[in-house]
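Chemist: quick check, what structure comes out for this input:
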Amino acid sequence: MPGFDIALLSASFVTFFVVIDPIGVAPIFGALTEGSSAKHRRAMAIKSVLIATGVLLMFAYLGEWLLDAMHISLDAFRAAGGVLLFMIALDMIFEKRTERREERAEKMSHEDGTPVGTEEDISVFPMAIPMLAGPGAIASIMLFMSGDGGTAGGQLAILAGLGGNLLACLVIFLTVGPLMRLMGDTLAAMITRILGVILAALAAQFIFDGIAGALL
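Modeler: Here you go, the predicted structure:
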């Protein structure tokens with residue numbers, strides 16, 4: 001279609017792939033649904049992705065209005081979002097993010113004495129929020145929509161990048177067992193670090209753009 005930006009699609013897809021991190025979230029989903037029936041795992045996979053989609057779409061279209069209501073400029077949000085994404089990137093490079101996610105999942109599983117693997121509803125928390133629609137993903141969708149979402153083609157490219165990642169999450173969740181055995185811990189760690197470096201560069205660009213916009 002006219003105005004569809006392939007470069008923007010690529011940039012948004014890579015950014016959302018890094019901040020949502022389908023590969024990193026997969027073992028958490030696997031741990032929280034271990035021992036559950038196939039029907040329950042399938043229901044949790046679909047429900048968590050649908051809820052995360054709704055949350056991110058809400059921020060995509062209402063995020064700018066929320067900023068205006070709180071008298072926060074887009075440039076300030078862009079710079080702050082860049083800092084947040086840069087911190088996430090550092091955690092990925094030094095493997096801190098996965099450790100925290102595992103600790104969070106373990107804490108949730110045992111806080112009330114419920115063992116991992118019972119058929120509880122994990123779709124809203126922690127899978128949809130904050131695992132999929134976390135601060136990094138929310139900041140990213142708002143930054144993209146405020147900066148490049150002024151045209152129908154731009155919005156379509158951004159939402160296609162987001163949708164591709166959420167679809168990847170759904171596929172990975174539905175096949176998490178065989179996938180984790182095939183990939184192994186070493187390959188997963190290597191991919192996470194490479195994506196962390198890419199995210200750091202994207203975050204730095206957001207910070208530079210925010211500062212430049214505020215000063216000019």
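
Chemist: tally of neighbours for V14?
Modeler: The local packing of V14 (other Cβ atoms under 10 Å) involves 16 other residues. For every residue, glycine as well, the C-beta is placed using N, CA and C.

Chemist: tell me who's in contact with V18.
Modeler: A89, M92, L195, G196, I198, L199, L202 (Cβ atoms under 8 Å, 6 or more residues apart in numbering).

Chemist: contact partners for the fourth one?
Modeler: Residues near G196 by Cβ under 8 Å, 6+ apart: V18, A89, L90, D91, M92, I93.

Chemist: can you tell me which of the residues you listed is closest to Y61?
Modeler: Proximity of the contacts of G196 to Y61 (Cβ to Cβ) peaks at V18, which lies at 22.7 Å.

Chemist: can you name the helix or strand that that closest one falls in?
Modeler: Here V18 sits within helix 6-20, counting by DSSP states H and E.

Chemist: so which elements touch the helix or strand following that helix?
Modeler: Per DSSP H and E, the first helix or strand lying C-terminal to helix 6-20 is helix 22-32. Identification of packing neighbours for helix 22-32 by 3 or more Cβ pairs under 8 Å, 6 or more residues apart in numbering; DSSP states H and E yields helix 38-69, helix 96-111, helix 152-174, helix 176-215.

Chemist: out of the ones you listed, which is closest to M145?
Modeler: Proximity to M145, assessed across the helices and strands packed on helix 22-32 by Cβ to Cβ, is greatest for helix 38-69 (5.0 Å).

Chemist: tell me which residues of that closest one are tucked away?
Modeler: Across helix 38-69, burial judged by 16 or more other Cβ atoms under 10 Å covers 40-41, 43-45, 47-49, 51-53, 55-56, 59-60, 63-64, 67.

Chemist: likewise for stretch 148-155?
Modeler: By 16+ other Cβ under 10 Å, the buried positions in stretch 148-155 come out as D148, G149, G153, G154, Q155.

Chemist: I'd like the distance between the nearest residue to the last one once chain neighbours are set aside and G30.
Modeler: Pointing back at Q155 there. Leaving aside its sequence neighbours, Q155 sits nearest to G149 (Cβ to Cβ, 6 or more residues apart in numbering; 4.7 Å). Using Cβ to Cβ, to the nearest Å, G149 is found at 34 Å from G30.

Chemist: how about V124?
Modeler: As judged by Cβ to Cβ, V124 and G30 stand 18 Å apart.

Chemist: of these two, who's got more company?
Modeler: Legend: neighbour count by other Cβ under 10 Å for V124 and G30, higher for G30 (18 against 13).

Chemist: so the more buried one is in contact with V176, correct?
Modeler: Yes - using Cβ atoms under 8 Å, G30 is in contact with V176, at 4.4 Å.

Chemist: what is the least confident helix or strand in the chain?
Modeler: Within the chain, confidence by mean pLDDT, DSSP states H and E is lowest for helix 96-111 among all helices and strands, at a mean of 61.

Chemist: next SSE downstream of it?
Modeler: helix 135-148.
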